[in-house]
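Novice: can't give you the sequence, but here's the structure:
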């Protein structure tokens with residue numbers, strides 16, 4: 001499974017500082033935290049399902065997560081014509097997230113195979129007949145550079161994975177461990193369907209357990225996300241995936257830390273606009289953002305940063 005890599009020190013330092021700032025007393029009001037938590041829940045469910053081919057929009061996902069009753073004979077007019085499986089898996093996600101958080105907040109609790117099956121059973125209820133049960137046949141994964149282990153070895157590999165999750169014997173830092181568990185779970189591929197969704201939930205279980213908010217792997221990043229996973233499959237190079245996950249974590253921290261009305265220096269602007277006052281092109285700034293060299297967020301397909309961040313980077317480079 002995973003060949004470990006360390007997160008570059010400059011990225012780890014930046015994320016640690018943001019995490020500490022978020023944890024400082026009084027930084028956010030309870031109301032503001034609730035607003036962002038609700039937004040992140042919708043973002044996570046929408047993006048995680050979109051990566052797997054869901055036809056639902058973000059607005060439709062939000063409607064489902066408001067707590068409306070869903071069933072074969074009870075579909076709101078706004079969702080008529082949508083795939084029932086897409087609707088159910090979005091609806092089921094909310095309860096799965098609640099369980100993930102409940103487990104994560106009990107830091108001494110050891111996650112078991114029964115927990116893994118229970119979470120999967122919640123997500124895939126009504127979607128596949130084998131919800132909550134390991135696959136009982138061998139499979140291949142289309143487009144992947146690996147073959148999952150035979151079905152009769154699943155429990156063995158899952159015990160190894162859960163030992164790593166619960167005990168962290170290699171003493172990995174939180175984001176490193178979260179990325180490792182995501183990759184290893186996807187490699188085992190223990191279920192008939194829903195493995196990608198489970199990988200992203202387990203990644204967040206580890207993050208939340210270690211004081212981070214939920215991180216979202218965005219559907220617009222799907223090519224890069226899959227490319228980073230495939231590089232690990234083929235060459236064993238874990239670093240691209242680790243850096244990608246760290247960027248997702250950092251973007252969530254930025255969302256929680258962003259003031260409602262930022263100053264001009266703190267306002268996030270497209271890199272194309274910021275490049276004008278620098279010796280760099282927008283393309284080069286985008287490359288720096290993808291590599292984590294500058295602090296940036298991605299909205300849709302557009303990279304953004306602030307004048308303050310770019311100014312600090314230029315000073316560090318002696319520009």
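Specialist: All right, it came through fine. These numbers were taken from a predicted model, which means no experiment stands behind them. Numbers count the residues shown, from 1 in each chain.
Novice: just the helices in this structure please.
Specialist: Assigned by DSSP state H, the chain shows helices spanning 9-23, 30-51, 58-65, 84-105, 113-123, 154-167, 174-188, 195-209, 222-235, 239-257, 271-274, 282-290, 307-316.
Novice: Now tabulate the ones you listed in a markdown table and tack on mean pLDDT and mean neighbour count.
Specialist: (Each C-beta comes from the backbone N, C-alpha and C, glycine too.) Shown next, in a markdown table, are those (pLDDT from 0 to 100; neighbours: other CB atoms under 10 Å):
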| stretch | mean pLDDT | mean neighbour count |
| --- | --- | --- |
| helix 9-23 | 92 | 15 |
| helix 30-51 | 92 | 17 |
| helix 58-65 | 89 | 19 |
| helix 84-105 | 95 | 19 |
| helix 113-123 | 98 | 19 |
| helix 154-167 | 97 | 16 |
| helix 174-188 | 97 | 24 |
| helix 195-209 | 98 | 23 |
| helix 222-235 | 92 | 16 |
| helix 239-257 | 94 | 20 |
| helix 271-274 | 85 | 18 |
| helix 282-290 | 84 | 17 |
| helix 307-316 | 81 | 15 |
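Novice: Residue 258 versus the nearest residue to residue 253 once chain neighbours are set aside, what's the distance?
Specialist: Once flanking residues are discounted, residue 253 sits nearest to residue 18: 4.3 Å by CB to CB, 6 or more residues apart in numbering. According to CB to CB, to the nearest Å, residue 18 and residue 258 sit 11 Å apart.
Novice: And for residue 155?
Specialist: Taking CB to CB, one finds residue 155 at 44 Å from residue 258.
Novice: Over to residue 5?
Specialist: Separation of residue 5 from residue 258 (CB to CB) stands at 29 Å.
Novice: now residue 83
Specialist: Distance from residue 83 to residue 258, by CB to CB: 35 Å.
Novice: same check, this time on residue 218
Specialist: From residue 218 over to residue 258 the distance is 17 Å, taken as CB to CB.
Novice: the more surrounded of these two?
Specialist: residue 218 (21 against 14; other CB atoms under 10 Å).
Novice: Next up, the contacts around the closest residue in space to the more buried one that isn't next to it in sequence.
Specialist: Ranked by CB to CB, 6+ apart and with sequence neighbours excluded, the top spatial neighbour of residue 218 is residue 47, at 5.1 Å. Residue 47 is in contact with 216-219, counting by CB atoms under 8 Å, 6 or more residues apart in numbering.
Novice: who wins for neighbours among those residues?
Specialist: residue 216 (24 neighbours).
Novice: right, and that one touches residue 252 too?
Specialist: Yes: in terms of CB atoms under 8 Å, residue 216 counts as a neighbour of residue 252; the distance is 6.5 Å.
Novice: who touches both of those two?
Specialist: Counting by CB under 8 Å, 6+ apart, the residues touching both residue 216 and residue 252 are residue 40.
Novice: Quick check: bridge partners of residue 297?
Specialist: For residue 297, the beta-bridge partners are residue 304 (DSSP bridges).
Novice: No further questions, thank you.
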